[in-house]
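> Need a 3D model of the following:
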Amino acid sequence: MENMWGNVIEETAPGTDNMDLSWMIPFWASFTDCVIELNERHIITNVRRKAEGASVLAGITGKSILDIAAEKDREIVAANLEQLKNAAVPYLRFQFQTKPGRYFRWTLAPFYKNRAYAGCHGVAIDVTEQTLKEITLNWQRAVMEEGREFIRIFDMDGRSLYMNPGAYKMAGYDPAAEAPPSEKLYSPKHLQAVHGEGFEVLKESGYWTGRGELIRSDGTLVPIEHTMFTIQDKKSEIVLIATIIRDITVFLEHEKKLEEARIAAEAANIAKSEFLSRMSHEIRTPMNAIIGMTTIGAAASGAEKKDYALQKIQGASKHLLGVINDILDMSKIEANKFTLSSAEFAFDKMLRQVVDVVSFRVDEKRQRLSVHIDPAIPGALVGDDQRLAQVISNLLTNAVKFTPDGGEIRLDADLAEEGDDSCTLRIAITDTGIGISDEQKGRLFNAFVQAEASTTRKYGGTGLGLVISRSIVEMMGGKIWVDSAPGKGSTFSFTARLARGAGGANVAGGAITGSGATAGVGANVAGDATAGGINAGGGANAGGKAADYTGRRVLLAEDVEINREIVIALFEPLNLAIDCAVNGAEAVRMFLGDPDGYDMILMDLQMPEMDGFTATKNIRASGAGRAETIPIVAMTANVFKEDVEKCFEAGMDDHIGKPIDFAEFLRIVNKYMNPLTSAENF
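Residues are numbered from 1 along each chain as shown. So this is what the prediction gives:
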């Protein structure tokens with residue numbers, strides 16, 4: 001074979017005679033790859049001219065031609081073989097991709113034995129490079145003809161040789177018209193950049209990219225990214241210049257949004273840093289007062305000085321508690337875990353409690369507070385009265401804070417909208433304070449931001465109250481806004497949608513004003529049908545007088561020693577006997593040891609060995625003595641709505657939050673220890 005054909009490799013399937021190579025002579029001079037013979041089932045001979053081609057179609061004898069075709073081309077191969085067998089054609093030429101990924105063009109002719117089809121033979125030529133070039137050219141043609149980019153090609157004399165449909169569309173011209181010159185397409189500034197910097201860089205590196213503006217036929221400007229590159233011939237000489245232009249309107253909008261987001265993130269980081277600094281000041285200031293006054297009170301010899309120190313400690317403690325509550329609320333808002341509860345409440349009673357809380361500050365600054373209630377407001381509403389009270393308290397506290405001594409504050413509560421089962425309230429708090437500029441209004445309800453940096457230094461505060469208030473109001477289906485001008489006071493207004501309650505007539509409307517601390521009257525709110533008004537001048541008074549409970553017995557479950565000491569001290573004026581358990585398991589054992597000997601259980605929640613929830617459930621389920629009816633009151637620092645609800649679900653009757661408010665403590669004790677004589681306290 002090698003004497004006849006030169007460097008030839010012949011592969012013949014086992015069990016077959018070598019093929020007659022004489023028919024190959026006309027083909028061999030023209031084709032340079034493989035000569036193939038196959039019968040009806042498989043390839044029986046494969047002759048390759050060059051050994052280095054063995055990796056392409058080596059080892060194919062004994063296989064069906066379908067076996068070497070890529071999956072996507074198997075149908076094409078099968079159809080051509082069927083035509084060779086049945087159509088009596090002299091030959092067929094077709095192309096397919098083999099499993100290794102190479103493309104071959106096959107020219108096969110049928111041969112016959114005893115006038116019956118016996119197989120076919122022919123040649124296979126590797127056309128991979130040519131095919132890939134065609135695919136690439138087709139892809140490039142599709143990009144140019146079908147793509148949205150602006151593509152234009154110039155010769156070295158600046159003549160436009162080609163402008164694709166995407167270019168006409170981007171520029172707004174008719175493709176049938178003559179291609180517009182560059183002077184009409186580019187803004188003067190961009191044209192100058194192309195002819196100047198663009199061509200200079202193009203000559204040096206063969207590539208230039210810049211940004212500019214394209215002028216559409218209607219005169220509108222389109223922001224673009226303009227790329228130019230050179231096309232060279234085989235001698236590496238530049239023969240053409242290609243231009244590709246992309247509309248970057250969307251990209252610039254995205255880029256702008258990213259920049260705005262970056263600036264906002266930086267501003268947020270600065271705001272949070274300032275917030276942390278402000279929190280440090282807000283926490284350390286009352287802590288300093290508490291520690292300092294504790295030292296002063298301990299060293300004082302006279303009762304008057306000790307009482308003074310204790311009053312200051314109490315005031316600083318309440319302020320610190322307010323700061324902590326704001327931080328916890330804000331944390332829940334950011335974690336999307338801030339929720340509202342729903343219960344029936346009396347609107348005028350809720351408002352009275354809010355005004356009572358802020359009244360002492362009103363008196364201190366000799367301000368005048370008047371409250372006006374729309375008589376159309378239902379007496380009983382359904383919603384989260386504590387959160388509603390929190391919003392009103394925040395706005396009233398701010399009004400008092402930013403209104404000078406002797407100023408005036410007015411609260412208006414109106415029925416803004418009424419439905420069959422619900423109504424919308426509009427609450428407005430107006431003051432004669434320092435006022436707010438338009439720029440400050442834009443920052444007022446943002447988290448961690450106060451209207452003015454100097455505000456913190458002069459008035460203090462966390463800067464979270466309005467943000468928390470906005471979240472509460474929006475969750476109640478309302479909105480909050482402010483009308484103000486520097487030096488002319490402010491009016492903060494909000495709406496809230498609440499369901500109608502089942503009981504109670506509408507509130508008693510009207511307006512009763514108070515003159516402030518100097519007159520000794522305080523501010524009053526119309527609406528209490530029994531008392532004729534709500535006294536806001538005397539401070540909080542929720543507990544009434546404590547009864548004498550000599551002979552009564554309380555079980556206190558509390559694991560922290562100092563907390564037990566505080567409760568024991570609070571109980572001392574009541575003459576109550578107190579038994580202490582240091583965990584829930586011990587509380588259960590003590591109760592079961594004397595199930596009829598206790599009148600009330602005060603239950604902490606977080607205790608070792610057994611928590612308060614489990615202890616309460618075990619007591620209720622025990623069936624011993626008064627297990628099902630004895631009052632069990634949670635006494636815990638877990639004060640969120642969901643915490644209170646969990647207490648009720650566990651079988652508790654009420655909840656006292658820590659730090660313990662003495663008046664609230666007395667009210668709860670009176671409520672459950674002596675219900676018949678304590679009604680006057682509600």
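> per the record, what domains does the protein have?
If you go by automatic domain parsing, the domain ranges for the chain are 2-130, 147-247, 253-334, 343-535, 553-681.
> Which of these comes out lowest on mean pLDDT?
Averaging pLDDT over each of these singles out domain 2-130 as the lowest, with a mean of 73.
> hang on, the earlier thing: what would the domains of the chain look like in a markdown table with mean neighbour count?
To be clear about C-beta, it is placed using only N, CA and C from the backbone, and glycine gets the same treatment. Below are the domains of the chain laid out as a markdown table (neighbours: other C-beta atoms under 10 Å):
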| stretch | mean neighbour count |
| --- | --- |
| domain 2-130 | 15 |
| domain 147-247 | 15 |
| domain 253-334 | 14 |
| domain 343-535 | 18 |
| domain 553-681 | 18 |
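> so which of these gets nearest Ala547?
Closest to Ala547 of the domains of the chain, according to C-beta to C-beta: domain 553-681, at 5.1 Å.
> ok so, going back, in CSV: the domains of the chain, plus distance to Ala547.
As requested, the domains of the chain are exported to CSV (distance: least, C-beta to C-beta, whole Å):
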stretch, distance to Ala547
domain 2-130, 93
domain 147-247, 81
domain 253-334, 24
domain 343-535, 22
domain 553-681, 5
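> show me the contacts for Trp481.
Going by C-beta atoms under 8 Å, 6 or more residues apart in numbering, Trp481 touches Phe492, Ser493, Phe494.
> what separates the helix or strand harbouring it from the chain centre, distance-wise?
If you go by DSSP states H and E, Trp481 is part of strand 480-484. Its chain's C-alpha centre and that of strand 480-484 lie 27 Å apart, by C-alpha atoms, centre = their mean, to the nearest Å.
> Strands of the stretch 301-450 of the chain, start to end?
Under the criterion DSSP state E, counting those that start in this stretch, the stretch 301-450 of the chain contains strands at 343-346, 368-373, 380-383, 408-418, 422-431.
> likewise the stretch 551-682 of the chain?
For the stretch 551-682 of the chain, applying DSSP E, counting those that start in this stretch gives strands covering 553-557, 577-581, 600-603, 632-636, 654-657.
> which ones are touching Ala88?
Pro110.
> my read is it is in a strand, agree?
No: counting by DSSP: H, G, I helix; E, B strand; the rest coil, Ala88 is located in no strand; its state is coil.
> For Ile36, see how far away it is.
The spacing between Ala88 and Ile36, counted by C-beta to C-beta, to the nearest Å, is 21 Å.
> go on, Gly196?
Taking C-beta to C-beta as the measure, Gly196 falls 62 Å from Ile36.
> likewise Glu129?
Per C-beta to C-beta, Glu129 is found 21 Å from Ile36.
> again, but for Arg352
Going from Arg352 to Ile36 by C-beta to C-beta gives 103 Å.
> try Ala69
Counting by C-beta to C-beta, the gap from Ala69 to Ile36 is 13 Å.
> what do these two both touch?
Shared contacts of Ala69 and Ile36 (C-beta under 8 Å, 6+ apart): none.
> Mind telling me what element Glu474 is part of?
Per DSSP H and E: helix 465-475 holds Glu474.
> Not counting its own residues, what contacts that helix?
Residues contacting helix 465-475 (C-beta under 8 Å, 6+ apart): 326, 329-330, 333, 338, 340, 384, 387-388, 390-391, 394-395, 397-398, 444-448, 479-480, 494-496.
> so what's Phe445 closest to, chain neighbours aside?
Arg470 (4.8 Å; C-beta to C-beta, 6 or more residues apart in numbering).
> Next: Gly501.
Nearest non-adjacent residue to Gly501 (C-beta to C-beta, 6+ apart): Ala380, at 2.8 Å.
> my guess is the one you found contacts Cys423, does it?
No: here Ala380 lies out of contact with Cys423, judged by C-beta atoms under 8 Å, at a distance of 11.3 Å.
> so what's in contact with these two at the same time?
Going by C-beta under 8 Å, 6+ apart, residues that sit against Ala380 and also against Cys423 are Arg500.
> follow-up on the earlier one: got the angle for the helix holding Glu474 vs strand 422-431?
Taking axes from the mean of the first three to the mean of the last three C-alpha atoms, to 10 degrees, one finds helix 465-475 and strand 422-431 inclined to each other by 160 degrees.
> Quick one: distance of helix 465-475 to the chain centre.
That offset, for helix 465-475, works out to 17 Å (C-alpha atoms, centre = their mean).
> What is the top helix by length along the chain packed up against?
Secondary structure assigned by DSSP state H gives helix 249-299 as the longest helix of the chain. The elements that helix 249-299 packs onto, with contact taken as 3 or more C-beta pairs under 8 Å, 6 or more residues apart in numbering; DSSP states H and E, are strand 221-232, helix 303-334, helix 453-459.
> So for Ala124, which of these sits nearest?
That would be strand 221-232 among these, by C-beta to C-beta, at 35.3 Å.
> returning to what we had before: dump the strands of the stretch 301-450 of the chain to CSV, plus distance to Met279.
Formatted as CSV, these follow (distance: least, C-beta to C-beta, whole Å):
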stretch, distance to Met279
strand 343-346, 32
strand 368-373, 29
strand 380-383, 30
strand 408-418, 27
strand 422-431, 25
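> End to end on stretch 340-356, go ahead and measure it.
From the first residue to the last, stretch 340-356 extends over 24 Å; the measure is C-alpha to C-alpha, to the nearest Å.
> likewise stretch 214-228?
Stretch 214-228 stretches 15 Å from its first residue to its last (C-alpha to C-alpha).
> One more: stretch 66-85?
One end of stretch 66-85 to the other measures 15 Å (C-alpha to C-alpha).
> Run the chain-centre distance for it.
56 Å.
> neighbouring contacts of it?
Residues outside stretch 66-85 that contact it (C-beta under 8 Å, 6+ apart) are 40, 57, 60, 65, 89, 92, 94, 96-99, 101, 106, 108-110, 117, 120.
> One more: stretch 605-613?
Applying C-beta under 8 Å, 6+ apart, the contact partners of stretch 605-613 are 557-559, 582-588, 603-604, 615, 618, 634, 636, 638, 643, 646-647, 650.
> mind running it again at 10 Å?
557-560, 581-588, 601-604, 614-616, 618, 632, 634-638, 643, 646-647, 649-652, 655 (C-beta atoms under 10 Å, 6 or more residues apart in numbering).
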